[in-house]
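Asker: Quick one, fold the following:
(2 chains)
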Amino acid sequence: MPPSSPGPTRRAVLGAGLGLTGMLLLSACTHPDTAVPAGAKPVPGGVLDYFEPQSWTVLYPPAGGFYPNGGILNNITARLLYQDPQTLKLYPWIATALPRINADATEYTFTLRPGITYSDGSALTAQNVVDNFELYGRGDKARGLAVSEQVTNYAGGEVLDEHTVRFRFSKPAPGFAQAVSTMNSGLLADATLKLDSAGFGPGSAAKIATCGPFAITAERVGTLLSVRAREDYDWAPPHFKHQGRAYLDGIDYRVNKEYSVRIGSLVSGQVQGVRDIQAPDQARIKDKGLQLVAAPTNGVNNNISLRSRHRLLADIRVRRALIASIDRQRILTKLFTDTYPLATGVVARGAAGYVKAPDDAWVHDVDRANALLDEAGWVRGADGIRVKDGARLALRSNTALPQPRSKEVMTLVQEDFARIGVGLSINDGDQVQQDLDSQDIEKVQVYHAMVARADYDVVASEWSINNRDALANHDEESGAWGDEEVERILARITGSAKAADRERALAEFQQHVIDQALVLPLFEEPQVFGFRQEVQGFFTEPVGRPTFYNTWLADGAGRGEEA
Amino acid sequence: MTSTPKYILARLGQAVLVLFLAFTLASLLLLILPGDGVMARFSDPALGLSKDEIAGIRASFGADLPWWQQYASTLLGFLTGDFGFSTQTGAAVSTLVSAALPSTAVLALTGFVSALVLAVIVTLVASYGRFRWLRDVADSLPSLFISVPVFWLGIILVEFVSFRLGWINVVDPGPFESLILPSVTIALPISAPIAQVLIRSVAEVRAQPYVRVTRAKGAAGAWLFVHAVLRNAISPALTIAGLVFGELVAGAVVTETVFGRNGIGALTAQAVANRDNPVLLTIVVIATLGFVIVNLLVDLLYPLIDPRLRTRKAAA
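Answerer: Residues are numbered from 1 along each chain as shown, chains lettered A, B, ... in the order given. Next up is the predicted model:
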């Protein structure tokens, strides 16, 4: 071949290269990974190597909603109460008993367990516990520390005696008992409470002192956070069979933003655990003999909100048509696996206050959708998009980057909308861009989101104008409302003293968003983890953050033993 | 051409101008873009801050000032060596950058040296390979190398060398171990343009009559290549080597992501995601500085390598 025409050679080499890649990716080898017999006794020892897709941002407990933050906070902090992930029942932890609550749920009294120390050696005192909630309940703008979204209407705390504290609220705060059980209310040592937001950020993590089973010992900014078991930890929730120190010697939380590297590291045995196994890989992980753990997140289901305050969505017939047009089953079959069950209510089946929605709540019916739009006076224009009084029925949605395959989900919704003559564009951009655009109803009218919290309040966290405001329901300047009734019902969920009233309000909320066609729940969103066989005893707290206290390694020595 | 000190002074003046322009352009672009670091950090709906609260925080960071005031105060800061604070973490930018710089510098250096070695090897095989087909294959390698996306290459290397063969750990590797795969990943695409130019240039020089004369005088093998051919063929390759420095910075962003290394590349990616303008500006200025220095060195090296440039200078 003359040197002037190396084309075929090049192409051949490239072709070979691409073929090789495909082969490699399909057949990544597995190190021998033998199953551990059921019923084996836990053995202490070993450090768990665990991959996170994103780096943690701030270890200020109220910011625990962000997965990487919460996955760490849940293991290094102890809380006043413990919430069982299955039953969602509350148990004593740092408090010796469930709190005494007054009739209108505005006063909570806790008795504290004696003898608890923080990882910096300081003692947990009644004053220290009050100081914690003074910070979470009021925030501190000067230090860049926000109020915890779970502690609302906080009016102050007081030390009653050496082991008793009381918290007061300006309005009924029925969610407070559950709130103190979450990692967003993890207790911090006195010195740590004085840090500012930079002090809770990357670079100074080792200074954060907590009283959970693990404590932070080392940090490499952006790549690694090491926590080690506290030998003197002796205050697990009393109802636990396992007491004393954690089985693991520690956990190395590693970060690699490249998905294929995380999966490859797990399959090849370089790490023992990975969070966020995406749907297309789940079968492969199982085939390799690895464990796949799909933890329910027990909150609001992955859903789409239709912002009725926008002129194009003000007509209920349009909203009903949009909901009827979306084929939820197709989204699930095309994009997901069995670990993502079809939503049967606004909240997940395991969530507090779940009520099954009527069978006819969210039926996929293209003919009905078309008929509704015809009836509402929207006629198809030349480009297939419906028009009425010169306005095109073209909408825009966000991309919910933290949610699985949001872009693909919205692409299928786009196809469904196109079938009934409705245009949908999907907002591009990173998380910051999404946050900024999503607040502007002119930019985003169809909002894809999901929120996890194992309390009735979770629906308020997503839809109340005081929280995430997924419906962009209220315009502060003009005072205009999309649907004021939504806010009134939510106020009853967050502000009723009795659980039964809150549960009833939640059911009413669900019926209201069905009647008004404001929300379409898509599926129950799990948190999917992959583990090597030697990892035993793993479970998550109620919203799917890892709990490593009971986890143990079958070979007792961690990485490098199998091979 | 004028005397060397004057020439160097002129080049330094140019360098300062380039730095200033890069700084200005970058800071204006960042100021024009919607959303800043303060918004990025506090507009997260999960924080539940009201618009007034966010406005108050913005004011305390000075993010609400008009663009020219922000530009002037940043410029003044840079001139006095104060690079400001990261809006995302609150840490001093100088701390973040000085923590990240060494790891990237080592990676860039090993990557660059590997690229040079690779380019010379490819050139040797393409020019002196024993078989025709071998020369043809080597000759087409630069085109292949340049078309390989760094990202893809990094993942393939990890997949094959680490996950399948188990030779290198990507999780928690030793200091030397951690450099091997990233260096190769960066070196391959960078070696391509250097090799391409070197191959053509060597071919050209070998056809020159003086090479034939030197060979006739009895020179052969390595001596002939180093003294008669390479020395005359290297100038164009050197120019290219200076220009590909920019690729090193871009390559670092990708490689550090794939291999989970902490460095300027990872810092850049994070700063972009968080609209962390003080960090971004500092990185732009540092990258420009590196680019300017490397190209200045290249220019100063020419006369040392090519006697013709020295003669002309002496004559002038």
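Asker: Show the pLDDT at residue A:404.
Answerer: pLDDT for residue A:404: 90.
Asker: So what's the residue count around it?
Answerer: Burial of residue A:404 is recorded as 20 neighbouring residues (other Cβ atoms under 10 Å in any protein chain shown). The way it works is simple: take the backbone N, C-alpha and C, and place the C-beta from them, glycine included.
Asker: Which secondary structure state is assigned to it?
Answerer: coil (DSSP: H, G, I helix; E, B strand; the rest coil).
Asker: any idea how far it is from chain B?
Answerer: Distance, residue A:404 to chain B, using Cβ to the nearest Cβ, to the nearest Å: 18 Å.
Asker: got it, and residue A:207?
Answerer: 13 Å.
Asker: Then residue A:243?
Answerer: To chain B, residue A:243 is 32 Å away according to Cβ to the nearest Cβ.
Asker: Grab the nearest non-local neighbour of that residue.
Answerer: Spatial nearest neighbour of residue A:243, chain neighbours left out: residue A:236 (5.3 Å); criterion: Cβ to Cβ, 6 or more residues apart in numbering or on different chains.
Asker: residues contacting that neighbour?
Answerer: Taking Cβ atoms under 8 Å, 6 or more residues apart in numbering or on different chains, we find residue A:236 in contact with A:93, A:213, A:242-244, A:549.
Asker: again, 7 Å this time
Answerer: For residue A:236, the contact set (Cβ atoms under 7 Å, 6 or more residues apart in numbering or on different chains) comprises A:242-243, A:549.
Asker: Give me the buried subset of these.
Answerer: When those are checked for burial by 16 or more other Cβ atoms under 10 Å in any protein chain shown, the buried set is residue A:549.
Asker: From the contacts of residue A:236, pick the one nearest residue A:320.
Answerer: Taking Cβ to Cβ as the measure, residue A:320 lies nearest residue A:549 of the contacts of residue A:236, at 47.8 Å.
Asker: helix or strand for the nearest residue to residue A:325 once chain neighbours are set aside, which one?
Answerer: Sequence neighbours aside, residue A:369 is the residue nearest to residue A:325 in space, at 4.2 Å (criterion: Cβ to Cβ, 6+ apart). Here residue A:369 sits within helix A:366-375, counting by DSSP states H and E.
Asker: for the helix or strand just after that helix, packing partners?
Answerer: Once the chain leaves helix A:366-375, the next helix or strand it forms, by DSSP H and E, is strand A:379-380. Contacts defined by 3 or more Cβ pairs under 7 Å, 6 or more residues apart in numbering or on different chains; DSSP states H and E place strand A:379-380 against strand A:386-388.
Asker: Report the buried residues of the strand it packs on.
Answerer: For strand A:386-388, the neighbour count (16+ other Cβ under 10 Å) marks A:386-388 as buried.
Asker: The helix or strand following it pairs with which strands, parallel or anti?
Answerer: Along the chain past strand A:386-388, the next helix or strand (assigned with DSSP H and E) turns out to be strand A:391-392. Here strand A:391-392 has these sheet partners by DSSP bridges: strand A:386-388 (antiparallel).
Asker: quick one on the thing from earlier: now pLDDT and distance to residue A:108 too, for the buried residues of strand A:386-388, in a markdown table please.
Answerer: Shown next, in a markdown table, are the buried residues of strand A:386-388 (pLDDT from 0 to 100; distance: Cβ to Cβ, whole Å):
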| residue | pLDDT | distance to residue A:108 |
| --- | --- | --- |
| A:386 | 96 | 54 |
| A:387 | 96 | 57 |
| A:388 | 94 | 54 |
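Asker: Is stretch B:161-178 positioned near chain A?
Answerer: Yes: residues of stretch B:161-178 are located near chain A by Cβ under 7 Å from any Cβ of the partner chain, namely B:162-164, B:166, B:169-171.
Asker: same thing with stretch B:275-282?
Answerer: Yes: against chain A, stretch B:275-282 shows contacts by Cβ under 7 Å from any Cβ at residue B:275.
Asker: Kindly format the C-alpha coordinates of that stretch as CSV.
Answerer: C-alpha atoms of stretch B:275-282 as CSV (Å, rounded to 0.1, in the frame of the first residue of the first chain):
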residue,chain,number,x,y,z
ARG,B,275,-19.9,28.8,39.1
ASP,B,276,-17.0,29.3,41.4
ASN,B,277,-15.6,32.4,39.5
PRO,B,278,-12.7,33.3,41.8
VAL,B,279,-11.3,29.7,41.4
LEU,B,280,-11.9,29.7,37.6
LEU,B,281,-10.2,33.1,37.1
THR,B,282,-7.2,32.0,39.0
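Asker: contacts for it?
Answerer: A:432, B:23, B:26-27, B:30, B:35-37, B:40, B:74, B:83-88, B:93, B:96-97, B:267, B:271-272.
Asker: what comes up buried for the longest helix seen in chain B?
Answerer: In chain B, with assignment by DSSP state H, the single longest helix is helix B:93-128. Neighbour counts over helix B:93-128 (16+ other Cβ under 10 Å) mark B:93, B:96-97, B:99-100, B:103-104, B:106-108, B:110-112, B:114-116, B:118-120, B:122-127 as buried.
Asker: and whichever residue of chain B sits closest to chain A, what are its phi and psi?
Answerer: Closest residue of chain B to chain A, Cβ to the nearest Cβ: residue B:90 (2.8 Å). The phi/psi pair for residue B:90 (degrees, to the nearest 10) reads phi 80, psi 0.
Asker: State the distance from the residue nearest to it when sequence neighbours are not counted to residue B:268.
Answerer: For residue B:90, ignoring the flanking residues on the chain, the nearest one in space by Cβ to Cβ, 6+ apart is residue A:198 at 2.8 Å. As judged by Cβ to Cβ, to the nearest Å, residue A:198 and residue B:268 stand 20 Å apart.
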